[in-house]
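Chemist: for reference, the sequence and a predicted model appear below.
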Amino acid sequence: MNRFILVLAAAIAGCTDPGAKPPAAPAADLAAGRAFAERECKGCHGLDGKSTAPAIPHLAAQREGYLLASLRAYKERKRMHAALKEIATQMSDADARNLSAYYAGQPAVKVAPGEGKIVSPYDRGKSLAAACSKCHGEDGNSTTPGIPGLAGQQPHYLVVAIQEYLAKERKAAPMHALLPGLSRVDKESLALYFASQMPAVRAAPAFGDPAAGEPLSAVCGGCHGSHGISFDTATPILAAQDARYLVSAIKAYRTTRQRETMRAYVSKLSERDIENIAAFYSVQKSHPAEKGQTLVQDLTDKCNRCHGADAGNAALVIPKISGQDRDYLVMALRAYRDDRRESTTMHRMSLPYGDSVIEAIASYYAAQPAK
């Protein structure tokens, strides 16, 4: 009997058309989708798909495939929102299909005039930098011995340095009294502006021997890069830095600055060694760590490769973001950056950027007409 069943099954399988397509999903019931939206969704997302408050996404004209994927992610606990997880868990596949199709079919939300005003973090930083030029020089190229140059410096490092001055972990100057008045976005914008400036070439200092300092810098290169050019946004660039400032900074790691790895190394250096290392780094050529002038445009061009492509393809699981709520976009980008929302690609793309850049990108897309 069992042999007969196996043969019969094989015969049936052999008669099946190998090119046959799987049965299509049932057509969505738009009336049922509207009824579900009326009952569960309109309080936040509106019956027409326009959000009722900031930081809540518009759903109108969103890709149906993306909406379905989002509901599935909430149901599977891959996205975090207590109310949505509860709603998605109780939804049937038909409910999800009907609701997604309903919102996808609503007219796109129109961008109000003046909405999503773009504030360039570079321009914001430039206006703030005027107060720093008296000490740090035009465009961050200091000419006063002992005052650090800021031009071309790594942006995240500059933000950390500001925080250390505020925490009194570094010796503050009178002008640093301006720092407490800066918001987080201000600090990041200021750092981006200085990071984008060209460092001036420095003459050899009156002390130290650059040639003698080069072999001593070998250990430093593991973090600070070859010839003092760091490619880590949190690690300072030493090339083209003021030599007198470098001497004082190296010595500070023996006492007040909190970096144990630095302390372990510099404690073994003689005064002459420190002067030679400082002299070596001061005469190295450097370049801007960032391109703040075009950064937002460059990033949105990258975003458009996925989010701007094939806008009419409803099956894509990549969301449309033009005309989306600005505060929601800020929140989503922060979540990707901080690894609180799952997407390897988005995490990798947003990880290096602070709130100033994220807010500029969100403002740009919020101002674009939805498609």
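Modeler: On my side now, so go ahead.
Chemist: and the gap between Ala218 and Ser270?
Modeler: According to C-beta to C-beta, to the nearest Å, Ala218 stands 16 Å off from Ser270. C-beta: built from backbone N, CA, C; applies to glycine.
Chemist: what's the neighbour count on Ala82?
Modeler: Residues near Ala82, counting by other C-beta atoms under 10 Å, number 8.
Chemist: should've said Arg257
Modeler: Neighbours of Arg257 (other C-beta under 10 Å): 17.
Chemist: OK, contacts around it?
Modeler: Glu164, Glu169, Arg170, Ala249, Arg263 (C-beta atoms under 8 Å, 6 or more residues apart in numbering).
Chemist: again, 7 Å this time
Modeler: Applying C-beta atoms under 7 Å, 6 or more residues apart in numbering to Arg257 gives the contacts Glu169, Arg170.
Chemist: tell me the phi and psi of it?
Modeler: Backbone geometry at Arg257, expressed as degrees, to the nearest 10, gives phi -80, psi 140.
Chemist: read off the pLDDT value for it.
Modeler: As predicted, Arg257 sits at a pLDDT of 79.
Chemist: any idea which helix or strand comes after the helix or strand bottoming out on mean pLDDT in the chain?
Modeler: Lowest mean confidence among the helices and strands of the chain (mean pLDDT, DSSP states H and E): helix 2-15, at a mean of 38. Going down the chain from helix 2-15, the next helix or strand is helix 30-36, by DSSP states H and E.
Chemist: whatever helix or strand comes next after that next one - contacts with which helices or strands?
Modeler: Moving toward the C-terminus from helix 30-36, the next helix or strand (DSSP H and E) is helix 42-45. Helices and strands touching helix 42-45, by 3 or more C-beta pairs under 7 Å, 6 or more residues apart in numbering; DSSP states H and E: there are none.
Chemist: for Met80, which non-adjacent residue is spatially closest?
Modeler: Arg340 (6.9 Å; C-beta to C-beta, 6 or more residues apart in numbering).
Chemist: run a quick neighbour tally on the one you found.
Modeler: Arg340, neighbours per other C-beta under 10 Å, totals 13.
Chemist: could you list the low-pLDDT ranges of this structure?
Modeler: 1-25, 114-117, 309-315, 344, 347, 351 (pLDDT under 70).
Chemist: how is this structure carved up into domains?
Modeler: 30-109+296-366, 121-282 (automatic domain parsing).
Chemist: sec struct for the residue nearest to Met80, please.
Modeler: Classification of Arg340 using DSSP: H, G, I helix; E, B strand; the rest coil returns coil.
Chemist: how far away is it from Arg334?
Modeler: 8 Å.
Chemist: residues in contact with Lys50?
Modeler: Counted by C-beta under 7 Å, 6+ apart, Lys50 has contacts His58, Ala60, Val109.
Chemist: and the last one, how many residues sit next to it?
Modeler: The tally of other residues near Val109 (other C-beta under 10 Å) stands at 21.
Chemist: quickly find the element holding it.
Modeler: Per DSSP H and E, there is no helix or strand for Val109.
Chemist: and it, its phi and psi?
Modeler: Torsion angles, degrees, to the nearest 10, at Val109: phi -70, psi 130.
Chemist: ok, it touching Lys371?
Modeler: No: the pair Val109 / Lys371 is not scored as a contact, 11.2 Å apart, by C-beta atoms under 7 Å.
Chemist: for stretch 252-268, which residues meet the burial criterion?
Modeler: Neighbour counts over stretch 252-268 (16 or more other C-beta atoms under 10 Å) mark Ala252, Tyr253, Arg257, Met262, Val266 as buried.
Chemist: before we move on, what about stretch 42-53?
Modeler: Going by neighbour count (16+ other C-beta under 10 Å), the buried part of stretch 42-53 is His45, Gly46, Leu47, Gly49, Lys50, Ser51.
Chemist: farthest-separated two in those residues?
Modeler: Largest separation among the buried residues of stretch 42-53 by C-beta to C-beta: Leu47 and Ser51, giving 11.7 Å.
Chemist: could I get the contacting residues of the nearest residue to Pro236 once chain neighbours are set aside?
Modeler: Leaving aside its sequence neighbours, Pro236 sits nearest to Tyr157 (C-beta to C-beta, 6+ apart; 4.7 Å). Neighbouring residues of Tyr157 by C-beta under 7 Å, 6+ apart: Thr233, Ala234, Thr235, Pro236.
Chemist: what about the closest residue to the second one other than its chain neighbours, how many neighbours?
Modeler: Take Ala234 and drop its neighbours on the chain: the residue closest to it by C-beta to C-beta, 6+ apart is His156, 4.5 Å away. With neighbours defined by other C-beta under 10 Å, the count for His156 comes to 21.
Chemist: mind checking the backbone torsions on His156?
Modeler: According to degrees, to the nearest 10, His156 has phi -70, psi -40.
Chemist: closest to Tyr102 among the buried residues of stretch 42-53?
Modeler: Gly49 (8.6 Å).
Chemist: isn't Ser100 right up against Glu64?
Modeler: Yes: contact criterion C-beta under 7 Å: Ser100 and Glu64 qualify, at 4.8 Å.
Chemist: more neighbours: which of those two?
Modeler: Ser100 (24 against 21).
Chemist: OK, contacts around the more buried one?
Modeler: Glu64, Leu67, Leu68, Leu71.
Chemist: let me see the contact set for the last one.
Modeler: Leu71 sits next to Ala88, Met91, Ala96, Ser100 when contact means C-beta under 7 Å, 6+ apart.
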